[in-house]
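*Asks:* quick one: sequence plus predicted model below, questions after.
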Number of protein chains: 2
Amino acid sequence: MNELKNDRYLRALLKQPVDKTPVWMMRQAGRYLPEYKATRAQAGDFMSLCKNAELACEVTLQPLRRFPLDAAILFSDILTIPDAMGLGLYFETGEGPKFERPITCKADVDKIGIPDPEGELQYVMNAVRTIRRELKGEVPLIGFSGSPWTLATYMVEGGSSKAFTKIKKMAFAEPKTLHLLLDKVADSVISYLNAQVAAGAQSLMIFDTWGGVLSPRDYREFSLQYMAKIVDGLTRENDGRKVPVTLFTKNGGMWLEDIAATGCDAVGLDWTIDIANAKARVGDKVALQGNMDPSMLYASPQRIREEVAHILSDFGEGTGHVFNLGHGIHLDVDPDHAGVFIDAVHELSQPYHK
Amino acid sequence: MNELKNDRYLRALLKQPVDKTPVWMMRQAGRYLPEYKATRAQAGDFMSLCKNAELACEVTLQPLRRFPLDAAILFSDILTIPDAMGLGLYFETGEGPKFERPITCKADVDKIGIPDPEGELQYVMNAVRTIRRELKGEVPLIGFSGSPWTLATYMVEGGSSKAFTKIKKMAFAEPKTLHLLLDKVADSVISYLNAQVAAGAQSLMIFDTWGGVLSPRDYREFSLQYMAKIVDGLTRENDGRKVPVTLFTKNGGMWLEDIAATGCDAVGLDWTIDIANAKARVGDKVALQGNMDPSMLYASPQRIREEVAHILSDFGEGTGHVFNLGHGIHLDVDPDHAGVFIDAVHELSQPYHK
């Protein structure tokens, strides 16, 4: 394997000194880039793009050709695991992901197994291997998965949801069934992420997009517990180097202490929390990733730079900060504004790393 | 005016002793009740129901006939103000509220005026007067409004939104225009709520449904500032009795200290915050309203009672707690489960008020 030429991202996650604050963007490979749309059109539908290692590699690298990003992230979807479990993932235009065979009862949970990462999910590992090779050691590669709770919401609701009625009914009326499901998904995520590390991922991120719709008690029981299990079960080394793990619960700002206590290396923050507050609460334990409102990229270059300056100043001196948006970049953002953002982080952060 | 027979709700908001914890439910007059659906069918569409004082009174009282609730809330919509400003409110089936003439620029803001509460909005005041009369002093009547930020999201987006793209573009690119709009809306809300008090409302609530989509800095600038202005401008007395004001920002759990500092009497909590944590942070300053997950009403009666017991125990001894759901009751809830919830609050809270 190549030596890493830019390891700023890994160093910040492990709270080692850096020359400037590293930056990447959630969904940096995506529809705001015309070259992404061209490759996606070539692939056909979204899952065909995910399943083609060469094209998945191509879209992963596209934003790195435009911007001096400090990390690449595997191009894939969080729903690969439930799809591999046989739930029949499909996409309806304008409606988001759906499952043909959602989980409705214990018998459904009993039927599903742990997918083989080098079997049904080998296309993901092939993408990881291809990307890692093509990155040529420029920046580290992030592997990822959805959290068990977040995956289960799609599996039980049968798609996206607003009120999460079905899974909450299951949580409150049949908690044992849901725990059985979450445990199987957690085991699947462990095997999936460890395979990504074996295939070349140098850092891991778990997206808990929907943990924030739970009460604190329910969050600990149905979401955090299973992320903690995953953290415990992960391979934390690759090429003799530590593989940092970042947990991100959207709207989880009130539970940072609990998230940090799982043993993860970093906590992702959405934009609804003041990063100074987050640092004061858990900055001695974990690194922080975040947290500019993705909508700020609609603003003028000057306003974007001001916001970056605010967040850098809120975090203050020292390492332990990976700059990012608080959620995925919006699809109608001007790519030049993403460039302004990334440059601003690198330029304005240098005084904090003297 | 009649003496109040049950003032438990007002007393708890002012942190005066009570015999048991008062309880009401956001959207307690609504589609989960078959009698509501019947009256709504009689009225025609939703706004016709709001505009008919007798029928609005009827649906306001319906839940009180079923359940021993400790407060009634005016049946109306938060979008009455922008409608009265001439934006052309309409409802498309399954799509939520929309505006024919959304606010897109400064010229649009310049055109709108402060609606006259006894003019274009007199139907609301008529409903307040009718309900107050028909309540016959059984329980207090809550008047309400949306927060300026929340109203502005609908006015600028032209309806409901997920990413709030248009209003955030305005906030970041044309903040002066947005401030002009928010200031006009705040003045309108002050005049609207003061008129509700004059018409008989005994308590006021401001719903900031969408404040939680902002960063802490933007929340203070675009939402909280205007709620504070409203609190300052309100008539706080009716029939020689204090009119308590409750502010509720959904997903605002991280900003309780700032909300409490506005001078409001109580802060509404959604279910994503531990009420013990909220009490420790701001319980010396304000009363708290909340905060069971509305989805818990899908669970068994026993599980509902358990959850009520948990929340009561988290709040602990003493007054200053109005029990409620963390958001509106879901339309497909069994009304009997709402009854179980309300009875559980009254029964299980008594030991905390010895």
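*Replies:* Happy to help now that I have it.

*Asks:* now the element after the helix or strand of chain A with the lowest mean pLDDT, going C-ward?
*Replies:* Lowest by mean pLDDT, DSSP states H and E among the helices and strands of chain A is strand A:237-238, with a mean of 85. Once the chain leaves strand A:237-238, the next helix or strand it forms, by DSSP states H and E, is strand A:241-242.

*Asks:* which strands or helices does the top helix by length along chain A pack on?
*Replies:* Assignment by DSSP state H gives helix A:175-199 as the longest helix of chain A. Judged by 3 or more C-beta pairs under 8 Å, 6 or more residues apart in numbering or on different chains; DSSP states H and E, helix A:175-199 is in contact with helix A:80-82, helix A:106-111, helix A:122-135, strand A:141-146, helix A:148-157, helix A:165-173, strand A:203-208, helix A:225-233. Where you see a C-beta, it was placed from the backbone N, CA and C, and this is true even at glycine.

*Asks:* dump the ones you listed to CSV, plus mean neighbour count, distance to chain B and mean pLDDT.
*Replies:* Formatted as CSV, the helices and strands packed on helix A:175-199 follow (neighbours: other C-beta atoms under 10 Å in any protein chain shown; distance: least, C-beta to the nearest C-beta, whole Å; pLDDT from 0 to 100):
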stretch, mean neighbour count, distance to chain B, mean pLDDT
helix A:80-82, 25, 22, 98
helix A:106-111, 14, 17, 98
helix A:122-135, 21, 28, 98
strand A:141-146, 24, 19, 98
helix A:148-157, 26, 12, 98
helix A:165-173, 21, 4, 96
strand A:203-208, 25, 13, 98
helix A:225-233, 19, 17, 98
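
*Asks:* picking that back up, and the least confident helix or strand of chain A, which strands flank it?
*Replies:* Sheet pairing for strand A:237-238, assigned by DSSP bridges, gives strand A:241-242 (antiparallel).

*Asks:* picking up where we left off before, nearest to residue A:3 among the helices and strands packed on helix A:175-199 would be which one?
*Replies:* Nearest to residue A:3 among these is helix A:122-135 (12.0 Å), distances taken as C-beta to C-beta.

*Asks:* okay, the angle between the closest one and helix A:175-199?
*Replies:* Helix A:122-135 runs at 40 degrees relative to helix A:175-199, counting by axes from the mean of the first three to the mean of the last three C-alpha atoms, to 10 degrees.

*Asks:* list the contacts of helix A:122-135.
*Replies:* The contact list for helix A:122-135 (C-beta atoms under 8 Å, 6 or more residues apart in numbering or on different chains) reads A:1, A:50-54, A:56-57, A:60-61, A:72, A:74-76, A:80, A:116-118, A:141, A:143, A:192, A:195-196, A:198-201.

*Asks:* contacts only, for residue A:195.
*Replies:* Shown in contact with residue A:195 (C-beta under 8 Å, 6+ apart): A:117-118, A:121, A:125.

*Asks:* ok, which stretches of the stretch 1-150 of chain A are strands?
*Replies:* Remark: strands assigned in the stretch 1-150 of chain A by DSSP state E, counting those that start in this stretch are A:72-73, A:89-92, A:96-99, A:141-146.

*Asks:* in JSON lines: these, plus distance to residue B:286.
*Replies:* Formatted as JSON lines, these follow (distance: least, C-beta to C-beta, whole Å):
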{"stretch": "strand A:72-73", "distance to residue B:286": "43"}
{"stretch": "strand A:89-92", "distance to residue B:286": "46"}
{"stretch": "strand A:96-99", "distance to residue B:286": "39"}
{"stretch": "strand A:141-146", "distance to residue B:286": "38"}
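
*Asks:* on that earlier part again, let me know the closest of the contacts of residue A:195 to residue A:228.
*Replies:* Using C-beta to C-beta, these come closest to residue A:228 at residue A:117, 21.1 Å.

*Asks:* tell me the spacing between the nearest residue to that closest one once chain neighbours are set aside and chain B.
*Replies:* Sequence neighbours aside, residue A:195 is the residue nearest to residue A:117 in space, at 3.3 Å (criterion: C-beta to C-beta, 6 or more residues apart in numbering or on different chains). Counting by C-beta to the nearest C-beta, to the nearest Å, the separation of residue A:195 from chain B is 34 Å.

*Asks:* how close does residue A:195 get to residue A:76?
*Replies:* 13 Å (C-beta to C-beta, to the nearest Å).

*Asks:* same question, residue A:197
*Replies:* 15 Å.

*Asks:* alpha carbons only: can I get stretch A:208-219 in CSV?
*Replies:* Provided in CSV are the C-alpha atoms of stretch A:208-219 (Å, rounded to 0.1, in the frame of the first residue of the first chain):
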residue,chain,number,x,y,z
ASP,A,208,-27.3,7.7,12.4
THR,A,209,-29.6,10.0,10.4
TRP,A,210,-32.7,9.2,12.3
GLY,A,211,-31.5,8.7,15.9
GLY,A,212,-32.7,12.2,16.7
VAL,A,213,-36.4,11.3,16.3
LEU,A,214,-36.2,9.3,19.6
SER,A,215,-36.5,10.3,23.2
PRO,A,216,-33.2,10.2,25.1
ARG,A,217,-34.2,6.9,26.8
ASP,A,218,-35.3,5.4,23.5
TYR,A,219,-32.2,6.7,21.7
